[in-house]
Structure formats: structure tokens, C-alpha cells
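# Need the 3D shape of this:
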Amino acid sequence: MPEIYRYALTAKGSFNLAAGTTWLGTIPHPLAKLGAKAQQKRERNAAKGPATAKSQNKVNEAAKNIICMTCRQTFLLTTRAPALEEHAQNKHSKTMAECFPGAK
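Now for the predicted structure:
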């Protein structure tokens, strides 16, 4: 007859057998019932229908209203002056006022 097994639940949720022992079967994990709750939640969410894509692309394209007059590159309205100045200097060797006449 095999020796009665001794086990310890590790931090990862698995069982470690003590040395010289034999595994006699399975022991349900104490958190095993949580899978049923997750399955119920998946079923409830599936009944609601698929989620619609919420893309920011259209909104971002509409917000690009700063345009470089030299290369016609667009920038978001929230782009700050240092970034515009950097673009004008690095790409065109011009001032910000020359590339972006309406920018503040």
C-alpha cells in the first residue's frame, strides 16, 4: 500500500509532493469554482452582442488642422510650438513663422 501523500500548495497554485510519497489522485484547487463565474460572465457578455470598434482614427484625422506651408504635412491642433519649430528647422531650415503662418 502506498504511503499517504502529503502536499503543499505553492504560490503558483500547484501541489508539491513530499519526498518519498506517491500521488494517489487529484485534489481540486481551492479557487477552481472561479472558472464557473468567468464562464457565466462570458455567456452574459456574448448575449449582449459583439463590441463595436471604437477607433480614434477619424477623430484624429479631423483634428489635424495645423499644416506646414512648405511640405503640407499636417499636425494635430494640440501640437506645441517647440515641436513645430523643430519641424521647421530640421526639415526646411526655416523659422516656424515661415512654415506655420497661423500658428501661435
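# Let me see the ranges of the strands in this structure.
In order along the chain, the chain carries the following strands (DSSP state E): 7-9, 15-17, 64-67, 74-76.
# Need the mean per-residue confidence for the first one.
This means strand 7-9. Here strand 7-9 scores 51 as its mean pLDDT.
# what's near enough to touch the nearest residue to Thr78 once chain neighbours are set aside?
On the basis of C-beta to C-beta, 6 or more residues apart in numbering, the spatially nearest residue to Thr78 that is not a chain neighbour turns out to be Ala63, at 7.5 Å. Yep, even glycine has a C-beta here, placed from its N, CA and C like the rest. By C-beta atoms under 8 Å, 6 or more residues apart in numbering, Ala63 lies in contact with 76-78.
# Keeping just the C-alphas, turn stretch 95-104 into CSV.
As requested, C-alpha coordinates have been extracted for stretch 95-104 and formatted as CSV (Å, rounded to 0.1, in the frame of the first residue of the first chain):
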residue,chain,number,x,y,z
THR,A,95,11.5,79.6,-39.0
MET,A,96,8.2,78.5,-37.5
ALA,A,97,6.6,81.7,-38.8
GLU,A,98,7.6,80.8,-42.4
CYS,A,99,6.2,77.3,-42.2
PHE,A,100,3.2,77.8,-40.0
PRO,A,101,2.0,81.4,-40.5
GLY,A,102,-1.2,80.9,-38.4
ALA,A,103,0.4,79.0,-35.5
LYS,A,104,0.8,80.8,-32.2
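# Could you list the buried residues of that stretch?
With burial defined by 16 or more other C-beta atoms under 10 Å, the residues of stretch 95-104 counted as buried are 96, 99-100, 103.
# quick one: which of those is nearest to Lys37?
Closest to Lys37 out of the buried residues of stretch 95-104 is Ala103 (54.1 Å), distances taken as C-beta to C-beta.
# For the protein, give me the ranges with low pLDDT.
Counting by pLDDT under 70, the low-confidence segments of the chain come to 1-34, 104.
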